[in-house]
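Trainee: build me a structure from this.
(chains A and B)
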Amino acid sequence: NAGVTQTPKFQVLKTGQSMTLQCAQDMNHEYMSWYRQDPGMGLRLIHYSVGAGITDQGEVPNGYNVSRSTTEDFPLRLLSAAPSQTSVYFCASSYLGEQYFGPGTRLTVT
Amino acid sequence: GNSVTQMEGPVTLSEEAFLTINCTYTATGYPSLFWYVQYPGEGLQLLLKATKADDKGSNKGFEATYRKETTSFHLEKGSVQVSDSAVYFCALSDPGNNRKLIWGLGTSLAVNP
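Mentor: Predicted structure coming up:
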């Protein structure tokens, strides 16, 4: 099993550009989530999904969109990147309360 | 509301020292409690967990006991190694949605040889 995979590992965007962070899991987990990690702020939940076709907002959803068309994939879209979105982004899937994290995407917005 | 409070870091220890990282929580109901570890440049991974009061979770020499009377889940290790240098996160399962976790801010640990 590959577990949770994320692409790309690093990305630099200019303000106003859009992009999609990819996340996939091969464990057939229904619950998936996106976090951002910033120094001194811990992990903050952006969006989550309890299954294909169902998504909901977390603590900091503004500026991000998600969709869940399959159990495996949960992409995160930045529609118009801002410097405040410079962060490390983690995708996770969950089973029985345990979360399994991907390796992260380090995003810089200039 | 439900929350997790961890001791602030960074914590710096010498190899073979005793480690305690404090974690206290506020929650309604009976959440499960977790410790996750994040090594440099990596994602988080589950270190240990406890699902009910007085349970002790253990892994890789680390231990934590679910104390309902003191609402605590302190992480301990008797003899740390340089390879234990990482950020440690305490978390609890959201009593309203047990697949969602509520996170502490993390405690950075540096172990010097």
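Trainee: hmm, B:Asn112 is touching B:Leu13, no?
Mentor: Yes. B:Asn112 is in contact with B:Leu13 according to CB atoms under 8 Å; the separation is 7.2 Å. To be clear about C-beta, it is placed using only N, CA and C from the backbone, and glycine gets the same treatment.
Trainee: of those two, who's got more company?
Mentor: Remark: of B:Asn112 and B:Leu13, B:Leu13 carries more neighbours, 16 against 11, as counted by other CB atoms under 10 Å in any protein chain shown.
Trainee: per-residue confidence for B:Asn98?
Mentor: For B:Asn98, the model assigns a pLDDT of 66.
Trainee: also B:Pro10?
Mentor: What the model reports for B:Pro10 is a pLDDT of 94.
Trainee: how about it, nearest residue that isn't a chain neighbour?
Mentor: Distances taken as CB to CB, 6 or more residues apart in numbering or on different chains place B:Ser108 nearest to B:Pro10, at 4.2 Å, with adjacent residues excluded.
Trainee: now do A:Asp38
Mentor: A:Ser87 (5.3 Å).
Trainee: quick one, what contacts the one you found?
Mentor: By CB atoms under 8 Å, 6 or more residues apart in numbering or on different chains, the residues touching A:Ser87 are A:36-38, A:107.
Trainee: redo that, cut-off 10 Å
Mentor: Each residue near A:Ser87 by CB atoms under 10 Å, 6 or more residues apart in numbering or on different chains is listed here: A:35-39, A:41, A:44, A:46, A:60, A:104-109.
Trainee: any idea how far it lies from A:Gly63?
Mentor: Per CB to CB, to the nearest Å, A:Ser87 is found 11 Å from A:Gly63.
Trainee: now do the shared contacts for the two.
Mentor: Contacts common to A:Ser87 and A:Gly63, judged by CB under 10 Å, 6+ apart, are A:Ile46.
Trainee: who are the contact partners of A:Leu45?
Mentor: A:Leu45 neighbours (CB under 10 Å, 6+ apart): A:33-36, A:56-61, A:92, B:100-103.
Trainee: which of those residues count as buried?
Mentor: Listed as buried from those are A:33-36, A:58, A:60-61, A:92, B:100-103; burial here means 16 or more other CB atoms under 10 Å in any protein chain shown.
Trainee: cool, thanks, signing off.
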